[in-house]
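**Student:** Show me how the following folds:
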Amino acid sequence: MGNAVGNLFKKAKVLKPREHLINFGYRFAQDGEIVDLRGNPFNFRLTDDMLYCVEYRYMQFLEVLSDDIFDLLENDACLSRVSIPIDASEDEPVACFFATPDYKKADKIMVLIQSMDPNLAGQWDQQLILCKGLAYGSQLPFIYRAHKNDYGVIVMNTHFNVNREKKKKPIPIRGSENPLQHLRYVYQNFLANCKAKQIDIIVHSSGWEPTAHWLAEFQSARKRVRKIVFINVTEPVQIQQNENGAKEFNEWIIKHSLNWIPSYEPLGYPVRSSTTNVTSLSAATMRKSETLSSAYFNIWGFFMSSLHVGPYLDDCQAIIASTMRQAILEEEDD
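**Tutor:** Okay, the predicted model is just below:
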């Protein structure tokens, strides 16, 4: 399944050399893997034996990688970089998120929310990008597919919380002080005002917590959310019972969400979980790092189905087979 996802990069625009990565002696291969300038697999080598210098150089490389993925979002995935806060003064630090230029006019929107720091916009798992490439660790395959399925796309940037200029003292960014504040700000100032009556969401692992609090707080958002896909979530997706609207939200999230997790069970089959309240399905792999690539067509089969979670699970096997087949055939037609 991973090879099929990797083919997206061969079918997409040619990945042009990124100047920043080249300065470190690396580039993106056409299948999205990071290789050195001779085409050898990524292996970060350092000649300085001082630990501080090693760590500093490596952190510089990760910053450069994030910047080059921002560039890919704009130039290869055809998204626009949107700065926040919208009323920032000249000397005020700003964050950003990414969106299709016409997202306000789209009939449906796909929202992508990453996991824990240091994953910025465009990244599901930074270490997975280093080890296996963009096809496995970046959000690009899902963005390309969302374009194909006529979604407007919004890529959140929940961990862009302070200015990223190394020579300056870290300053919290207004409207993006933490992941929840980022989701609130983007929703209130952008997503709430768009035309779309249907919003689908993909959330990776620990991204569930700010997502749950954002949706619990804004009933207007929940009214437009059709389906949510969680990846590798092992905790209850809920808010505390003493919070306002907890009972209503905790019941709502179960009816609108599926969670793909590592399992030996066949792809897409329900898996019993003692740690999360959201219905979990098998990714047919025991490696968390392979959940997204293994379940890729399964996830899109769920989004392409017209059924909500309950009816979908009632005839899960037949629906998975038909919608996955359709998703795969559409990919092969490109």
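
**Student:** can you pull out the helices in the stretch 101-250 of the chain?
**Tutor:** Taking DSSP state H, counting those that start in this stretch as the test, the helices found in the stretch 101-250 of the chain are 126-132, 134-137, 140-148, 179-189, 208-217, 219-222, 246-256.

**Student:** Next, the angle from the fourth one to helix 208-217.
**Tutor:** With axes from the mean of the first three to the mean of the last three Cα atoms, to 10 degrees defining the directions, helix 179-189 sits at 40 degrees from helix 208-217.

**Student:** Surely residue 100 is in contact with residue 155?
**Tutor:** No - taking contacts as Cβ atoms under 8 Å, residue 100 lies outside contact range of residue 155: 9.5 Å. Using the backbone N, CA and C atoms, a C-beta is placed for each residue, glycine as well.

**Student:** Mind checking which of these two has more residues around it?
**Tutor:** Using other Cβ atoms under 10 Å as the criterion, residue 100 and residue 155 rank with residue 155 on top: 29 against 22.

**Student:** Which residues are in contact with that one?
**Tutor:** 73, 79, 97, 98, 99, 112, 121, 122, 139, 143 (Cβ atoms under 8 Å, 6 or more residues apart in numbering).

**Student:** please redo it, this time with the cut-off set to 10 Å
**Tutor:** Counting by Cβ atoms under 10 Å, 6 or more residues apart in numbering, residue 155 touches 70, 73, 77, 79, 81-82, 96-100, 110-114, 120-123, 139-140, 142-143, 146.

**Student:** Can you identify each of the strands in the stretch 151-300 of the chain by residue range?
**Tutor:** With DSSP state E, counting those that start in this stretch as the criterion, the stretch 151-300 of the chain has strands at 152-155, 198-204, 225-231, 257-261, 270-271, 280-282.

**Student:** Might one say that residue 63 is in contact with residue 23?
**Tutor:** No - at 11.9 Å, residue 63 does not count as touching residue 23 under the criterion of Cβ atoms under 10 Å.

**Student:** quick one, which of those two is more surrounded?
**Tutor:** Neighbours were counted for residue 63 and for residue 23 using other Cβ under 10 Å; residue 63 has more, 15 against 11.

**Student:** Give the next helix or strand downstream of the helix or strand hosting the more buried one.
**Tutor:** Element membership for residue 63 (DSSP states H and E) is helix 51-75. Moving toward the C-terminus from helix 51-75, the next helix or strand (DSSP H and E) is strand 80-84.

**Student:** could you point out which element follows that next one?
**Tutor:** Following strand 80-84 in sequence, per DSSP H and E, is strand 95-99.

**Student:** elements contacting that following strand?
**Tutor:** helix 51-75, strand 80-84, strand 108-113, strand 152-155, helix 179-189 (3 or more Cβ pairs under 10 Å, 6 or more residues apart in numbering; DSSP states H and E).

**Student:** residues in contact with the residue nearest to residue 186 when sequence neighbours are not counted?
**Tutor:** Nearest residue to residue 186, sequence neighbours excluded (Cβ to Cβ, 6 or more residues apart in numbering): residue 97, at 5.6 Å. Contact analysis of residue 97 by Cβ under 10 Å, 6+ apart lists 73, 79-84, 111-112, 121, 154-158, 160, 176, 182-183, 185-186, 190-191.

**Student:** Quick check: bridge partners of residue 97?
**Tutor:** For residue 97, the beta-bridge partners are residue 82 (DSSP bridges).

**Student:** roughly how far apart are it and residue 70?
**Tutor:** 11 Å (Cβ to Cβ, to the nearest Å).

**Student:** any shared contact partners between the two?
**Tutor:** With Cβ under 10 Å, 6+ apart as the test, residue 97 and residue 70 both reach 79, 81, 121, 155, 157, 160.

**Student:** Just the buried subset of the residues you listed, please.
**Tutor:** With burial judged by 16 or more other Cβ atoms under 10 Å, the buried subset of the shared contacts of residue 97 and residue 70 is 79, 121, 155, 157, 160.

**Student:** My read is that the second one contacts residue 176, right?
**Tutor:** No - in terms of Cβ under 10 Å, residue 121 does not count as a neighbour of residue 176; the distance is 11.5 Å.

**Student:** Would you format the helices and strands packed on strand 95-99 as JSON lines with mean pLDDT included?
**Tutor:** Below are the helices and strands packed on strand 95-99 laid out as JSON lines (pLDDT from 0 to 100):
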{"stretch": "helix 51-75", "mean pLDDT": "83"}
{"stretch": "strand 80-84", "mean pLDDT": "98"}
{"stretch": "strand 108-113", "mean pLDDT": "98"}
{"stretch": "strand 152-155", "mean pLDDT": "98"}
{"stretch": "helix 179-189", "mean pLDDT": "98"}
